[in-house]
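Q: make a model of this:
(chains A and B)
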Number of protein chains: 2
Amino acid sequence: MKARLECIPCLLKQSLNATRVVTDDPVVQEKVLKSVMAELLDAPVDYVPPLIARTIYSIVHDITGCDDPYKSLKMEYNRIGMGMYPDLKDIVDKSDDRLFTAVKLAIAGNIIDFGADIQFDVEETIEDILTKKFAINDYPLFVESLEDSENILYLADNAGEVAFDRILIEEIMDYADVVYAVKKKPIINDATIDDAIFCGIDSIAEIVTTSDTPGTILERCDPEFVEIYRSADMIISKGQGNYETLSEEAGYIFFLLLVKCPVIAADLSVKIGDGVLLSAP
Amino acid sequence: MKARLECIPCLLKQSLNATRVVTDDPVVQEKVLKSVMAELLDAPVDYVPPLIARTIYSIVHDITGCDDPYKSLKMEYNRIGMGMYPDLKDIVDKSDDRLFTAVKLAIAGNIIDFGADIQFDVEETIEDILTKKFAINDYPLFVESLEDSENILYLADNAGEVAFDRILIEEIMDYADVVYAVKKKPIINDATIDDAIFCGIDSIAEIVTTSDTPGTILERCDPEFVEIYRSADMIISKGQGNYETLSEEAGYIFFLLLVKCPVIAADLSVKIGDGVLLSAP
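A: This is a model prediction of the structure:
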């Protein structure tokens, strides 16, 4: 999915949000903002948005000297996620359809996204997603694919959300082997290997790394990862960044996401706040 | 109130919104966006935001050739406002405190603001403002000032909202003469003389014009208007733009507004969505 013009003010705002987490110095904040504007002024707008985001966040890094602005917030949300884990497990245990409930919770966890908006309410989102229908619901195909699969590649999105992914992985691990893919280096609040280990994913799945760019851009990933991607019977792709970068890629992918931006909402013909379980192609 | 860094992505987004109302041509849209970025790159950020907004919208004008992007939307909201007028009047008639109810409705009407956000719900806002408390409520001072005043200057904000202003003016016109000030030329969806006449303000108040810039920047207004401003016993200032430009000005001003942006929310120590009736100084 290509960027649209409204991605530009959004990315500009993101750069300011990330800088403010690192420093209160208005001079540094203005320097980042104006450097990002200068970069965006010359940038082609028809890239996938995560590629532009990568450049923007590297400017934040270069000017502030901090390569992981959301480090402590990521750890805070890992703790929040794992703190909620027993209750989430209880919701699954008491539900009529364990698998579908776990899918819903994994999608609800996708609200934890500092790129989309630094303000969100996890509890409210869980309640909302558990009670309302998905805007796109390919759950029957999801079940069918799961039953036919021997190996599943699960593309993580954000830290904190990993605890919600664990809930889903624990439901699908009886069907197939699961490989959980995280970022190679910190970018925005995307999950890295530290987050996956904190949430205990290492005890239930193999953990691999993709690249240092939001989403999953295959050309930026190591050949070992691309091999895993190509040979997976089923791919579970979490979040907006993975959708933005893989919506036109080959592979039997299920996109699980909460829609948080108008560009993706328009691309999927759904509304902001909608939950999506989309089978592609 | 001076602009903050987050005004920059917001103004950039506004320029795109306004351009999209005028044209579907992505080349023109990108040209506006990038021209506005180039302008903002060199602009000092410590101006009052409406002054920067004036420049931004003049770029939209220069590139699209349209000096009034929101013309038909303004008229649509004048019709919606006047369509609601009998019901609003009924709400006032049935209330325990006519004046306070009229103040609340005038503030609720401030939701009609294409600069802040092109998506809003007028009915929901009325319900919300009628039932919840203001975040800042200087109503006792407002009543006291009204009883002591012989002439009142009422600074309009947006088209459509004028119908809600009429509800309030009809309650205060027994206390004092009212002068209703609108913009001299179209800017964003700010009320002009056409909007005031459409909503029948000319039959209950004198109508004067300020300038072609959002808010009220006295140095940009005609001397006749400044004289009215200086000699008013009481000033009723509607909306964010007037607050942004007059919060540090002299004059016995009551700011009536709905808070729709994080910069104003921070300046007033309130939350987005709050209603405010603030006496200054």
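Q: which residue is the nearest non-sequential neighbour of residue A:157?
A: Leaving aside its chain neighbours, residue A:157 sits nearest to residue A:239 (3.0 Å; criterion: CB to CB, 6 or more residues apart in numbering or on different chains). Using the backbone N, CA and C atoms, a C-beta is placed for each residue, glycine as well.
Q: oops, could you answer that again for residue A:180 instead?
A: Residue A:180's closest residue in space is residue A:205 (CB to CB, 6+ apart), at 4.4 Å.
Q: that neighbour: neighbour count?
A: Residues lying near residue A:205 (other CB atoms under 10 Å in any protein chain shown) number 22.
Q: list the contacts for it?
A: Taking CB atoms under 8 Å, 6 or more residues apart in numbering or on different chains, we find residue A:205 in contact with A:154, A:169, A:173, A:177-180.
Q: where does the closest residue in space to residue A:26 that isn't next to it in sequence sit: helix, strand or coil?
A: Spatial nearest neighbour of residue A:26, excluding adjacent residues (CB to CB, 6+ apart): residue B:5 at 7.3 Å. The three-state label given to residue B:5 by DSSP: H, G, I helix; E, B strand; the rest coil is coil.
Q: ok, now residue A:237?
A: Following three-state DSSP, the label given to residue A:237 is strand.
Q: I'd say it and residue A:256 touch.
A: Yes: using CB atoms under 8 Å, residue A:237 is in contact with residue A:256, at 6.9 Å.
Q: get me the contact residues on the stretch 1-150 of chain A for chain B.
A: With CB under 8 Å from any CB of the partner chain as the criterion, the stretch 1-150 of chain A comes near chain B at residues A:5-6, A:8-10, A:12-13, A:16, A:26, A:29-30, A:33-34, A:37-38, A:40-41, A:45.
Q: in helices, which of those residues appear?
A: A:8-10, A:12-13, A:16, A:26, A:29-30, A:33-34, A:37-38, A:40-41 (DSSP state H).
Q: buried subset of these, written for ChimeraX?
A: Buried members of these, defined by 16 or more other CB atoms under 10 Å in any protein chain shown, are picked up in ChimeraX with:
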select /A:8,9,10,12,13,16,29,33,34,37,40
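Q: that older thread, secondary structure and pLDDT for the contacts of residue A:205 - can I get that in JSON lines?
A: Below are those laid out as JSON lines (DSSP: H, G, I helix; E, B strand; the rest coil; pLDDT from 0 to 100):
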{"residue": "A:154", "secondary structure": "strand", "pLDDT": "98"}
{"residue": "A:169", "secondary structure": "helix", "pLDDT": "98"}
{"residue": "A:173", "secondary structure": "coil", "pLDDT": "97"}
{"residue": "A:177", "secondary structure": "strand", "pLDDT": "97"}
{"residue": "A:178", "secondary structure": "strand", "pLDDT": "98"}
{"residue": "A:179", "secondary structure": "strand", "pLDDT": "98"}
{"residue": "A:180", "secondary structure": "strand", "pLDDT": "98"}
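Q: out of the residues you listed, which are buried?
A: Buried members of these, counted by 16+ other CB under 10 Å: A:154, A:169, A:178-180.
Q: let me know the closest of the contacts of residue A:205 to residue B:70.
A: Nearest to residue B:70 among those: residue A:154, at 46.7 Å, using CB to CB.
Q: for that closest one, what are its contacts?
A: Residue A:154 neighbours (CB under 8 Å, 6+ apart): A:165, A:168-169, A:178-181, A:205, A:235-236, A:238.
Q: which residues does it bridge with?
A: Beta-bridge partners for residue A:154, by DSSP bridges, are residue A:180, residue A:236.
Q: could I get the pLDDT score of residue A:281?
A: Predicted confidence (pLDDT) for residue A:281: 78.
Q: residue contacts, it?
A: The contact partners of residue A:281, by CB under 8 Å, 6+ apart, come to A:250, A:253.
Q: got it, and residue A:156?
A: Listed by CB under 8 Å, 6+ apart, the contact partners of residue A:156 are A:162, A:165, A:180-183, A:190-191, A:195-196, A:238.
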